[in-house]
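Asker: Got a predicted model here, sequence first, then my questions.
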Amino acid sequence: MERFKSNGGEHVNPAYDANLDEPPVYNGTSDEEHRTVRPSVVSAFGHDTLDRVPNIDFYRNAGSLSGHRAVRPSLQELHDVFQKDDDDDEDSDGVPSEDVESAVPVDSGKGVVKFGWIRGVLVRCMLNIWGVMLFIRLSWVFGQAGWGLGIVVIVLSCVVTTITCLSMSAICTNGVVRGGGAYYMISRSLGPEFGGSIGLIFAFANAVAVAMYVVGFAEVVVDLLEDYDSLMVDEINDTRIVGMITVVFLLGIAVAGMEWEAKAQIVLLIILLVAIVNVFAGTFMPVDESKKKFGYFGYNSDIFLENFAPDFRGSETFFSVFSIFFPAATGILAGANISGDLKDAQGAIPKGTLLAIVITGITYLGVALCVSASVVRDATGNATDLIVPGTVCNGTAVAACKLGYDFSSCAEKSCTFGSMNNFQVMTLVSAFGPLIIAGTFSATLSSALASLVSAPKVLQALCKDNIYTALRMFAKGYGKNDEPIRGYLITFIISVAFIAIGDLNAIAPIISNFFLASYALINFSCFHASYAKSPGWRPAYKYYNMWLSLFGALLCCAVMFVINWWAALLTYAIEILLYLYVTVKKPAVNWGSSTQAVTFVSAISNALALTRVKDHVKNFRPQILALTGSARCRPALLDLAHSITKNYGLCITCEVFVGPKSEAVEEMNAGMEKNQLWLRKTKRKAFYAAVAWESFREGVESLLQASGLGRMKPNTLMIGFKKHWRIAGKESVQSYVGILHDAFDFEYGITVLRVNEGLDVSHLVVEEEEMIKAAKEQQDLDKEMMQNGGKSRALFRKSRNSSQQVLTTRVSVCAPPPQVAKMNASLAEASTQFKKKQPKGTLDVWWLFDDGGLTLLLPYILTTRKKWKDCKLRIFVPGQPGRCEVDREEMKSLLQKFRIECSDITVIDDIHVAPLIFFIMIEPFRLRGDNVQTEAKRQQPWMITDEELSSFEEKTNLQVRLNELLQENSKSANLIIVSMPIARKESVSDYLYMAWLDVLTQDLPPTLLIRGNHKSVLTFYS
């Protein structure tokens, strides 16, 4: 419950992210009374000072690639008593260069390849968006939907990607973006659960996308081989062979480094641009008569108007056509995926991605409208299907009829040419057909190469965060650019495996849905961060709207079902499973996510809402303030409190640091996070609170008054029984009893737990920490020996022997005598008894005084807990002789109205019996002599006088008799609950009160004394 002195220790600056770096190390050791301060410097203020002017280097994280992290002076360095170090000049070399003014510039990483927004983002996004759709399926999309709905298809796709890009721009300008792209942004915004789940499936989607694009390339190559009758085996196996050779070639480019990969992308972009220009150029060239039979007539208003309306055929609908086109727009993350390789990711990603969406959107619209204005939907390919002069053109194929061709037969049987039937329309329209094939090659290879680079980068970032420990091996990078070679290999293996399958039509919808799930979470991340209104959400990019982001997230989810409903459900299922896995594993990371911010906002909102709710007896919950000391010191007390509150009430475990304020506060600050972390790791749903005071009682008094928030304030004090009160000294006894009086003054209910073995295991905790430290030292020595091949120089052997001797000495010194060791073993076992499932037995409730019902409510709550469900309630109540059956029926009726079940009700009618042993217990604390008692009592109010014994003879006898009855009736109970006697202030001395509590509870199973604040906590009204 209290600490009387500080163990010292280096102060930890709380301003640092403990997950990223160790706390800064200052000069001075933990044994010094005052830590030596770093040398002052002449600053902008014109005089020597430790204060530093604001500087960006103070705000960097450890491992920052853009500059050296500096450490500002801690508050203690500026505030504590100044102690000049006479050896400043001599020690100045030993001071780490943590100050901005004295920091040594660090190497910025010469030779590391970093890309600007054009090569790093714009080029990659355009290449990924300009896929095979542009040259092969775009004409079919506009043939089915018409150019009216076709424009809607493209615009709707651009709306989804633009909203996502706006959200992504806001996120990536809200702080430095490191490697990992979409995974990094989602995980830092929504936390590791969302980030870890989407990161893995996003990396997998990119790996499979490599296979998709390569198979697309291989199919075009195989078609060419078939045209020239040069197949190696057959179509499927040739596709596999070409695909695997292509992946090996692409892997070689990727492994060679990002610079080579970027050069390859530039070459592919040039080819692709030439192919696109080739299409536009071809539409303005005179149309060769040989092309007209295939449905290409050049620009014509009749063709343009005829192609306006949709003409969905078979099972096709607007949504099915949209689902086929939309995957072409899923390349907007190509630049963000290599965020770690960008010079300025915050500026490059928004600018490059948005411009890529605009350029590619215009290109798709331009090419599609050109084709719609020059190519009819159906054509026979037969040069003899001409219109007889004078024929009236009506029905189908009116535009072709006006141009002299009769394609009306296509209405009765399917034709093989025209924008609806021929996927090689772009070759027909272009100025030079082979360039379209080259453009198709460029589109597929560039997309495959971008995905081959993206998947390992995302996987590496995911593994570096150690979200999935089994994948930790893929975090390692090689070379100056930290290339994820292992990630390249696993991506290569996955892509080769899917290429071997050959048919990727089934897997394609899943991949598209994986990408869309990423888009949805990016949009939701932006909305969530905006909704949380965290002060840390300050994106430099202002052109976003939280509700637009939410609409974008919902739109992405809707598109997922439009593309393929079962693939959408499968995507959600996989994501939920991964989310649950990461949630259960609880990775030790803290990224300041918007989820944390929303949790805080919700907590504040609910706490404020609770203040408007008036107290009602039906809603009473025990809110416990447990005086455990350090969270680990009294586990039995904490476990019992936790069993009562569980997830449904407030439990605060408290510690009072007693001693000089300078030492106590330092130790208190150092232990706050440590104790709360221990509570979280051991799954105790409790808060840790500590105060530093000159006296223990004053510290507890401050906790009683100030703990809690609004209506979430403790109403019950739980404290351990002071077992050694007879030898503790008057100040300690006065303080203990005074705390009980203070709790009653503040209208707290009180519970006092007594376990025969004791509650305090702090000495065992210290021994355990010493043993762990010794074992770690031994492990480090063994590791050093292994690194030296089991052989060491004489100096090392001497050091090892010396250390071994120290460890042996420490263990031998710490080892207690056998009798003490036996007591410690018994204490350790007793300290965990309430953590275990309780065996079948009873909870004996001795409800002697009506205190509002707390004495009955707490044991009832225990019986509702899983650990205590096998324990039955037995109720013991006092009664008058001759009225036992009447009193029993009255209590049974009351319990029925309270809806509390019990296995037995016992009425005690023979309580008053004269004590004998009690006077032996209190003899050392009595004042003797009638003449001196009055004056002595004034000077020693804690002592017991004969007059006091006479006045409270009956109450004293009651405690002794109760103990006899408890021994007789409840010796085998799992837990005994007894109404706690109250000592009137300034009437009952502290020692007499302690004697009452002691004699009442001695030699019993675990006993809990309870006294409510005499306000009802039970009611039988609805």
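Answerer: That came in fine, so what should we check first?

Asker: Would you map the strands across the stretch 901-1022 of the chain?
Answerer: 904-908, 975-979, 1007-1011 (DSSP state E, counting those that start in this stretch).

Asker: got the contact list for the second one?
Answerer: Spelled out, that is strand 975-979. Residues from elsewhere that reach strand 975-979 (Cβ atoms under 8 Å, 6 or more residues apart in numbering): 843-849, 851, 855, 858-859, 862, 871, 962, 966, 970, 1000-1001, 1004-1011. The way it works is simple: take the backbone N, C-alpha and C, and place the C-beta from them, glycine included.

Asker: Over to the last one?
Answerer: Contacting residues not belonging to strand 1007-1011 are listed as 640, 721, 749-754, 849, 851, 854-855, 858, 966, 975-982, 997, 1000-1001 [Cβ under 8 Å, 6+ apart].

Asker: cool, and stretch 316-328?
Answerer: Here stretch 316-328 has contacts from 129, 131, 133-134, 137-138, 141, 144-145, 149, 152-154, 156-157, 160, 310, 312, 364, 508-509, 511-512, 515, 559, 562-564, using Cβ under 8 Å, 6+ apart.

Asker: just to revisit the earlier point, narrow the contacts of strand 1007-1011 to just the buried residues.
Answerer: 640, 721, 749-754, 851, 854-855, 858, 966, 975-982, 997, 1000-1001 (16 or more other Cβ atoms under 10 Å).

Asker: Give me the subset of those residues lying in helices.
Answerer: Of the buried ones among the contacts of strand 1007-1011, the ones assigned to helices by DSSP state H are 640, 854-855, 858, 966, 997, 1000-1001.

Asker: Pretty sure Leu122 sits against Leu354.
Answerer: No - using Cβ atoms under 8 Å, Leu122 makes no contact with Leu354, being 9.5 Å away.

Asker: What is the neighbour count of Ala973?
Answerer: 20 (other Cβ atoms under 10 Å).

Asker: Spit out the contact partners of it.
Answerer: If you count contacts by Cβ under 8 Å, 6+ apart, Ala973 has them with 841-844, 874, 1005.

Asker: And it, its phi and psi?
Answerer: phi -70, psi 150 (degrees, to the nearest 10).

Asker: Just the pLDDT for the nearest residue to it once chain neighbours are set aside.
Answerer: Nearest residue to Ala973 in three dimensions, chain neighbours excluded: Asp844, at 4.2 Å (Cβ to Cβ, 6 or more residues apart in numbering). With respect to pLDDT, Asp844 scores 94.

Asker: cool, Phe4 as well?
Answerer: 44.

Asker: Ok, Val371 next?
Answerer: 91.

Asker: ok, it to Phe308 distance?
Answerer: Val371 is 13 Å from Phe308, where distance means Cβ to Cβ, to the nearest Å.

Asker: do the same with Trp260
Answerer: 47 Å.

Asker: what's the answer for Gly487, then?
Answerer: 48 Å.

Asker: Give me the more crowded residue out of the two.
Answerer: Gly487 (29 against 12).

Asker: show me what contacts the more buried one?
Answerer: 455-457, 459-460, 474.

Asker: One more pass at 6 Å, please.
Answerer: Gly487 is in contact with 456, 459-460, 474, counting by Cβ atoms under 6 Å, 6 or more residues apart in numbering.

Asker: Tell me, how many residues neighbour the closest residue to Leu854 other than its chain neighbours?
Answerer: Spatially, and ignoring its direct neighbours in sequence, Leu854 is nearest to Gly1012 (3.1 Å; Cβ to Cβ, 6+ apart). Using other Cβ under 10 Å, Gly1012 has 28 neighbouring residues.

Asker: give me every residue that touches Gly1012.
Answerer: If you count contacts by Cβ under 6 Å, 6+ apart, then Gly1012 has 749, 851-852, 854 around it.

Asker: roughly how far apart are it and Leu627?
Answerer: Taking Cβ to Cβ, one finds Gly1012 at 18 Å from Leu627.

Asker: which stretches of the stretch 601-750 of the chain form strands?
Answerer: Using DSSP E, counting those that start in this stretch, strands in the stretch 601-750 of the chain cover 624-627, 651-658, 687-693, 716-720, 749-754.

Asker: How about the stretch 401-550 of the chain?
Answerer: Counting by DSSP E, counting those that start in this stretch, the stretch 401-550 of the chain contains no strands.

Asker: show me where it has helices.
Answerer: 425-429, 433-464, 485-501, 508-532, 546-563 (DSSP state H, counting those that start in this stretch).

Asker: So which of those is nearest Glu193?
Answerer: The minimum distance between Glu193 and these falls on helix 508-532, with 11.1 Å, by Cβ to Cβ.

Asker: How about Leu333, nearest residue that isn't a chain neighbour?
Answerer: Closest to Leu333 by Cβ to Cβ, 6+ apart is Ala182, at 5.2 Å.

Asker: The one you found: neighbouring residues, count only.
Answerer: 30.

Asker: Start at 43, not 1
Answerer: Yes, from this point I'll number from 43; that puts the last item at Ala224.

Asker: Does it touch Ala376 like I think?
Answerer: No - the criterion here is Cβ atoms under 6 Å, and Ala224 misses it with Ala376 at 10.6 Å.
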